[in-house]
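Next comes the sequence, and after it the predicted model I'd like to discuss.
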Amino acid sequence: MHGFINIDKPTGITSHDVVARLRRITRIKRIGHAGTLDPAASGVLVVAIGQATRLIEYVQDDTHKTYDALIALGTATDSDDATGTVIHSAPLPQLDAHRLEQTLRQFVGTIQQVPPKVSAIHVDGQRMYDLARQGKAPELPSRQVIVYSLTLHSWSYSSITLTVRCGKGTYIRSLARDIGEALGTRAHLAGLRRTAVGEFTIDRALTLHDLTFEMIASHCVPPHHAIQHLPTHTLNTTDIQRIRNGLSVSHTSNLADDAEMMLCDNTGELVAIARYSQNRLLPHKVFVWSE
């Protein structure tokens with residue numbers, strides 16, 4: 001079995017727990033997820049099976065992600081979410097729609113964001129959450145992320161609910177913290193549900209409850225789904241053999257040098273991903289689905 005499974009991860013378990021569950025059900029070892037979802041968060045977790053694991057980077061890097069978030073106002077935690085210890089408190093702000101919309105507008109577009117101290121980021125070979133437990137978490141530099149939209153749904157004197165559409169590497173916990181500070185108070189992320197990773201949406205996700213091998217097989221999305229944004233070229237029999245031997249083939253295209261292309265056989269099955277250079281296609285990921 002090769003492909004992607006869209007799982008609705010419940011709260012209280014890790015993304016690795018989901019992978020382990022699928023390994024037990026399918027008895028397939030080569031399984032991995034395309035982007036961690038915190039234990040306190042629920043929603044879409046895209047899982048790759050078999051050789052589709054070699055395409056995980058395309059799901060992680062080339063797709064927008066959508067989240068429904070609940071932000072609690074008045075307190076900050078050491079993890080920037082509800083699982084952490086409260087480290088600061090502040091008076092609750094007077095909120096109205098105009099003030100909220102103006103504040104949220106500051107966080108749309110390309111912004112600078114400091115990741116949470118409790119995170120999976122590596123620093124000197126160690127995870128930040130491990131360093132945080134040891135009291136050694138350093139101050140991280142800000143980094144550039146993209147927030148495509150923030151949609152305000154509701155608010156009360158102590159909380160805000162909104163939908164976030166963002167790119168890779170955006171921490172919703174950091175966004176909650178920073179929105180609170182912009183409103184003149186403190187805040188943390190009180191609830192999070194991921195509703196989409198690219199075209200993998202929550203309404204089509206499978207729950208872990210009563211999940212079976214047959215369900216996984218019938219809902220497995222073909223591997224090429226992850227790279228359908230790439231231009232496609234159909235190979236003849238001779239060129240398929242050359243590509244599978246790691247050799248380049250000739251091809252004329254308007255693509256820029258080093259652009260990627262999906263190579264298929266005449267049935268539409270993915271053969272390889274190649275880079276285009278000087279009228280040649282050079283394979284850098286070759287797939288043999290019988291393995």
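Happy to help now that I have it. From a predicted model like this one, the values you see are computed outputs, not experimental measurements.

So what's the residue count around His284?
Using other C-beta atoms under 10 Å, His284 is surrounded by 10 other residues. Yep, even glycine has a C-beta here, placed from its N, CA and C like the rest.

That one contacts Ser277, doesn't it?
No: taking C-beta atoms under 8 Å as the definition, His284 is not a contact partner of Ser277, at 11.0 Å.

which residue ranges form the strands in the stretch 101-250 of the chain?
In the stretch 101-250 of the chain, the strands defined using DSSP state E, counting those that start in this stretch lie at 109-113, 122-123, 126-127, 143-155, 159-166, 187-197, 200-201, 206-207, 232-234, 249-250.

Can you get me a residue count around the closest residue to His219 other than its chain neighbours?
Computed as C-beta to C-beta, 6 or more residues apart in numbering, the closest residue to His219 that is not its neighbour in sequence is Leu206, at 5.9 Å. By the criterion of other C-beta under 10 Å, Leu206 has 17 neighbours.

I'd assumed Lys9 was in contact with Leu206.
No: in terms of C-beta under 8 Å, Leu206 does not count as a neighbour of Lys9; the distance is 10.4 Å.

what bits of the stretch 151-291 of the chain have low per-residue confidence?
Along the stretch 151-291 of the chain, segments meeting pLDDT under 70 span 291.

Report pLDDT for the residue nearest in space to the middle of the chain.
With distances taken as C-alpha atoms, centre = their mean, Gly35 lies nearest the centre of the chain, 4.1 Å away. The model reports Gly35 with a pLDDT of 86.

Bridged to Phe200, which residues?
Val197 (DSSP bridges).

right, and it touches Ile5 too?
No: with contact defined as C-beta under 8 Å, Phe200 does not count as touching Ile5 (9.3 Å).

between the two, what contacts are shared?
46, 221 (C-beta atoms under 8 Å, 6 or more residues apart in numbering).

and Ile111, how many neighbours?
So Ile111, with other C-beta under 10 Å, has 18 neighbours.

Based on its surroundings, how many neighbours for the residue nearest to the residue nearest to the centre of the chain when sequence neighbours are not counted?
In space, and not counting its chain neighbours, Gly35 is closest to Gln60: 5.1 Å by C-beta to C-beta, 6+ apart. Other residues near Gln60 come to 19 when the count uses other C-beta under 10 Å.

mind listing what Gln60 touches?
Contact partners of Gln60, counting by C-beta under 8 Å, 6+ apart, are 34-35, 168.

Let me know the helix or strand that it is in.
helix 56-61 (DSSP states H and E).

And the contacts of the very next helix or strand once past that helix?
Downstream of helix 56-61, the next assigned helix or strand under DSSP H and E is strand 65-73. With contact meaning C-beta under 8 Å, 6+ apart, strand 65-73 is reached by 35, 43, 82, 92-93, 157-168, 170, 172, 175-176, 179-180, 183, 185-198.

Test my guess that Asp62 contacts Leu230.
No: Asp62 lies out of contact with Leu230 (C-beta under 8 Å); the separation is 9.2 Å.

quick one: which of those two has more around it?
Comparing Asp62 with Leu230 by other C-beta under 10 Å, the one with more neighbours is Leu230, at 17 against 14.

could you list every residue that touches that one?
So Leu230 contacts 260-262, 273 (C-beta under 8 Å, 6+ apart).
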